[in-house]
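*Asks:* Give me a model of this one.
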Amino acid sequence: MKYMFLIYSRETAEPLLPGELERIANGHRALMSEAGQKGILLGCEKLKPTRSATTVRTKDGLPIMMDGPFAETKEQLAGYYILECKDLDEAIDWAKRIPTTCQGGEGSVEIRPVEDMQRM
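*Replies:* Numbering: from 1, shown residues only. This next block holds a predicted model:
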């Protein structure tokens, strides 16, 4: 089953501690390398900061464009992985290895099964 791993982290103006960026990048490179070697890596990307986002909402049947993300939260969507895992337990094992503490010292990974739209 395909799972999407949504990585949430804080966007702050605080600079990373020396070596933190390299530690985080190394963690992602290791995860991508291993998942790629196992043939389960289907995609992964880092997202630009929320200030670059545009949100399209519908109100009374008409589209409305807004700058920025839809919701204001402490953590923002920073990137994602899509992995082919045998089950949720395997997906959880992979999620535990994803670096999330980009800035602010906290973060989370939301795991969601991907529904095959071609089967609908």
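*Asks:* right, and I64 touches V56 too?
*Replies:* Yes. With contacts counted by CB atoms under 8 Å, I64 reaches V56, the gap being 7.3 Å. From N, CA and C alone the C-beta is placed, and that goes for glycine too.
*Asks:* Need the overlap of contacts for those two.
*Replies:* Listed contacts common to I64 and V56 are nil; contacts here mean CB atoms under 8 Å, 6 or more residues apart in numbering.
*Asks:* Check what pLDDT R112 gets.
*Replies:* Looking at R112, its pLDDT is 94.
*Asks:* My understanding was that it contacts Y3; is that so?
*Replies:* Yes. Counting by CB under 8 Å, R112 does reach Y3; the two are 6.8 Å apart.
*Asks:* Give me the below-cutoff pLDDT ranges for the protein.
*Replies:* By pLDDT under 70, the low-scoring segments of the chain are 13, 69-74, 101-106, 120.
*Asks:* could you pull out the helices for this protein?
*Replies:* For the chain, the helices defined by DSSP state H cover 20-37, 88-95.
*Asks:* most packed of those helices?
*Replies:* helix 88-95 (a mean of 15; mean count of other CB atoms under 10 Å).
*Asks:* Which positions are bridged to the closest residue to A78 other than its chain neighbours in the beta structure?
*Replies:* Nearest-residue entry for A78: S9, 4.3 Å, with adjacent residues in sequence omitted and distances by CB to CB, 6 or more residues apart in numbering. Beta-bridge partners recorded for S9 (DSSP bridges): Q76, G107.
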